[in-house]
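>>> Just need the structure, nothing else, for what follows:
(2 chains)
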Amino acid sequence: MSSSSALRFEIQATCPETGARAGLLHTAHGTIETPVFMPVGTQGTVKGITQRDLQNDLDARIILANTYHLFLRPGHERIERLGGLHKFMAWPRAILTDSGGFQVFSLDTLRKVTDEGVLFRSHLNGDPHFFTPEGTVDVQLAFGSDILMVLDECLAYPVEHGAAVASMRRTLRWAQSGYAHYLRREKGLHCALFPIVQGSMFRDLRAACADALCELDAPGYAIGGLSVGEPRELSQEIVAVTAPLLPRDRPRYVMGVGMPDELPHYVAKGIDMMDCVLPSRNARNGYLFTSEGRVVIKQAQYQDDDGPADPNCSCYTCSTFSRAYLRHLYQAGEILFSTLATLHNVHYYLDIMRRMRQSIMSEQFPEFLRSTPLRYTPAGTLD
RNA sequence: GGACAGGUGGGUGAGUGGUUAAAGCCAACAGACUGUAAAUCUGUCACUCUUUGCGAGUUACGAAGGUUCGAAUCCUUCCCUGUCCA
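Numbers count the residues shown, from 1 in each chain, chains lettered A, B, ... in the order given. Here you go, the predicted structure:
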């Protein structure tokens, strides 16, 4: 346990067969039951639903927000003046903020990476903003995040080994300098900073990066650089070789995953935390995740279907509305569709995590895992 | 009754002699989406055949005729719609 962190991780049960863990992550804004899925609220909102939905209905314990986006608008200093991000967005539970490292990937035409940091040209107005390992820590401290992420370079796939080496070393240096800066500043603050393992899909680079990052003795570690275009098997493989190299007594976080069926397979590799935009984004695009598989509710086949979106779901959407009504809302472009669909999809993800956690606690995780096999298509995506 | 302006594919609306099965937008249908530039984006969108090729054929721009090598585009008549005047 890192002595300098307010974050405390308590492992309650470990699956003897797979190594999957169930635990408690204690933060200044509540205790998080792990393994946990964290809904993504980039701009201080999980698109489509209210904080009340998230807290009371879905019972999410921690959500993500984004440094790049909130820095640009409304600005970290304003958020700090207004009492911090929790108060600003009226979310009393835990917040993890990504550093902007993902925007290195997603906004690749609007940025330039140097050894010192990342020069972004704002997607809003073109203004230049230089993100450094130290500066991104400062911004996240101004937010008052519970878990901060170091600035990293999220590479696209595929990439040459040589380029991946250089990038990984740069990310490693950023983690070291960012972490040192964090340690100088965090005295008395109740938060934690997670480094991020990079190295593209090269096992040797992942191992080297993980080993070096472990020397930071951080309270938790992330595996980044996945879901960037690689086949899904490869994501699992990289996590399988990387997770065991991270401290057993600290939370392990795989960033940006995944499809519902993939979640248990990450947990089986010793992962405790995940996040993904899929449940919220796909919801808005008419795609529901259900216990019976995908239900593309916008399809014409549902226009007369008076059954619930997912007959095995207890969420407000499924217990109240028909597929026909949801399909109608989508077709009509009604804003309520996004809300109801997001409510369901996020509920579906969180419910998977709750059941998974329960199976670990009751020593039935291997059965749970077998009940959600990975069905890869020839293209390396999931069916 | 008269004078103008019009009638284009599911809707809207470009096109005013040939590269037009007919732009764009909308609708419809399907697909993508993984640390969110996303209530976004992509594809299809007359019919038939096809060895699946930017291939062939058929029908189509209110209706019927006509001019022309060639017509959604020009002419004639008719039908219909809108506005205005009686």
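>>> Every contact and neighbour count from this point should use C-alpha atoms.
Fine.
>>> quick one: A:Val197 and A:Cys214 touch, right?
No - at 9.9 Å, A:Val197 does not count as touching A:Cys214 under the criterion of CA atoms under 8 Å.
>>> Would you mind telling me which of those two has more residues around it?
Using other CA atoms under 10 Å as the criterion, A:Val197 and A:Cys214 rank with A:Val197 on top: 31 against 17.
>>> A:Asp146: what's its closest spatial neighbour, skipping adjacent residues?
Spatial nearest neighbour of A:Asp146, chain neighbours left out: A:Cys191 (4.5 Å); criterion: CA to CA, 6 or more residues apart in numbering.
>>> mind checking how far the one you found is from RNA strand B?
Using CA to the nearest atom of the strand, to the nearest Å, one gets 17 Å for the distance from A:Cys191 to RNA strand B.
>>> Tell me, how many residues neighbour that residue?
Around A:Cys191 there are 24 other residues, counting by other CA under 10 Å.
>>> so what's it up against?
If you count contacts by CA atoms under 8 Å, 6 or more residues apart in numbering, A:Cys191 has them with A:5-7, A:27-28, A:144-148.
>>> Just the closest of those residues to RNA strand B, please.
If you rank the contacts of A:Cys191 by distance to RNA strand B using CA to the nearest atom of the strand, A:Leu148 comes first, at 9.5 Å.
>>> Tell me what that closest one is bridged to.
Taking DSSP bridges as the rule, A:Leu148 bridges to A:Thr97, A:Leu193.
>>> what comes up buried for stretch A:172-181?
A:172-179, A:181 (16 or more other CA atoms under 10 Å).
>>> Show me the strands in the stretch 1-150 of chain A, by range?
Under the criterion DSSP state E, counting those that start in this stretch, the stretch 1-150 of chain A carries strands at the ranges A:8-14, A:21-27, A:30-34, A:36-39, A:62-66, A:94-98, A:111-114, A:117-121, A:128-131, A:147-149.
>>> Dump the ones you listed into JSON lines; add mean neighbour count as well.
Formatted as JSON lines, these follow (neighbours: other CA atoms under 10 Å):
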{"stretch": "strand A:8-14", "mean neighbour count": "18"}
{"stretch": "strand A:21-27", "mean neighbour count": "22"}
{"stretch": "strand A:30-34", "mean neighbour count": "20"}
{"stretch": "strand A:36-39", "mean neighbour count": "27"}
{"stretch": "strand A:62-66", "mean neighbour count": "24"}
{"stretch": "strand A:94-98", "mean neighbour count": "26"}
{"stretch": "strand A:111-114", "mean neighbour count": "15"}
{"stretch": "strand A:117-121", "mean neighbour count": "20"}
{"stretch": "strand A:128-131", "mean neighbour count": "16"}
{"stretch": "strand A:147-149", "mean neighbour count": "26"}
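>>> Redo those strands as CSV? Include distance to RNA strand B.
Formatted as CSV, the entries for the strands of the stretch 1-150 of chain A read as follows, by distance: least, CA to the nearest atom of the strand, whole Å:
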stretch, distance to RNA strand B
strand A:8-14, 20
strand A:21-27, 19
strand A:30-34, 18
strand A:36-39, 7
strand A:62-66, 5
strand A:94-98, 5
strand A:111-114, 10
strand A:117-121, 9
strand A:128-131, 13
strand A:147-149, 6
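>>> low-scoring stretches of the stretch 151-300 of chain A, by residue?
Under the criterion of pLDDT under 70, none of the stretch 151-300 of chain A is flagged as low confidence.
>>> Look up how far A:Pro260 lies from the residue nearest to A:Asp146.
Note on A:Cys191: its distance to A:Pro260, by CA to CA, to the nearest Å, is 29 Å.
>>> what number of residues lie near the closest residue in space to A:Val46 that isn't next to it in sequence?
Among residues not flanking A:Val46 along the chain, A:Val40 sits closest, at 5.8 Å (CA to CA, 6+ apart). Neighbour count for A:Val40, taken as other CA under 10 Å: 27.
>>> three-state assignment of the residue positioned nearest the centre of chain A?
With the centre of chain A defined as its mean C-alpha position, the nearest residue by CA atoms, centre = their mean is A:Asp275, 2.1 Å away. On the three-state scheme (DSSP: H, G, I helix; E, B strand; the rest coil), A:Asp275 is labelled strand.
>>> List the contacts of the residue nearest to A:Val46.
If a contact means CA under 8 Å, 6+ apart, then A:Val40 has A:46, A:63-65, A:275-277, A:280 as its contacts.
>>> which residue ranges form the helices in the stretch 51-200 of chain A?
Counting by DSSP state H, counting those that start in this stretch, the stretch 51-200 of chain A has these helices, from start to end: A:51-52, A:67-72, A:76-81, A:85-88, A:101-106, A:133-143, A:161-185.
>>> Buried residues in stretch A:153-171, which are they?
When burial is assessed from 16+ other CA under 10 Å, stretch A:153-171 yields the following buried residues: A:153-156, A:164-165, A:167-171.
>>> ditto for stretch A:67-79
A:67-71, A:75-76, A:78-79.
>>> Tell me the one of those nearest A:Thr97?
Compare each of those with A:Thr97 using CA to CA and the shortest gap goes to A:Thr67, at 6.2 Å.
>>> Can you find the residue of the stretch 51-200 of chain A that comes nearest to RNA strand B?
A:Cys154 (3.3 Å).
>>> Got phi/psi on that residue?
phi -90, psi 110 (degrees, to the nearest 10).
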